[in-house]
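# coordinates only, sequence not included:
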């Protein structure tokens with residue numbers, strides 16, 4: 001493959017990418033903030049739950065081993 005062919009294929013690819021990006025329906029800022037908030041709250045809740053389970057199981061193991 002020569003350099004001209006590579007450049008032409010790259011230009012064609014980038015043109016197709018631009019066309020496809022125009023087809024995307026991007027979420028509104030409000031929707032993005034709401035979705036992000038839900039994810040963060042769920043991560044905090046699940047982290048707290050798993051932390052409690054971990055502490056409980058470690059105490060049970062310590063009791064069993066002592």
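Yes, it's here. Nothing here was measured: the structure is a model prediction, and the numbers come from that model.
# Could you report the neighbour count for residue 44?
Neighbouring residues of residue 44 were enumerated by other C-beta atoms under 10 Å; the total is 10. For the C-beta atoms, the positions are set from N, CA and C on the backbone; glycine is no exception.
# One more: the one 5 residues further on?
In terms of burial, residue 49 registers 10 neighbours under the definition other C-beta under 10 Å.
# For residue 50, grab the count of nearby residues.
Residues near residue 50, counting by other C-beta under 10 Å, number 10.
# Which helix or strand contains residue 25?
Per DSSP states H and E: residue 25 is located in neither a helix nor a strand.
# Could you list the low-pLDDT ranges of this protein?
Filtered on pLDDT under 70, the chain yields the residue ranges 1.
# Tell me where the longest helix sits in this structure.
If you go by DSSP state H, the chain has its longest helix at helix 29-65.
# Buried residues, it. List them.
Neighbour counts using 16 or more other C-beta atoms under 10 Å place no residue of helix 29-65 among the buried ones.
# Please state the offset of stretch 53-61 from the chain centre?
Between the mean C-alpha location of stretch 53-61 and the chain-wide mean there is a distance of 30 Å, by C-alpha atoms, centre = their mean, to the nearest Å.
# before we move on, what about stretch 24-35?
So, by C-alpha atoms, centre = their mean, the centroid of stretch 24-35 is 15 Å from its chain's centroid.
# what distance separates the start and the end of that stretch?
Distance between the two ends of stretch 24-35: 18 Å, counting by C-alpha to C-alpha, to the nearest Å.
# So which residues make contact with it?
Contacts to stretch 24-35, defined as C-beta atoms under 8 Å, 6 or more residues apart in numbering, come from no residue at all.
# cool, and stretch 45-57?
Residues outside stretch 45-57 that contact it (C-beta under 8 Å, 6+ apart): none.
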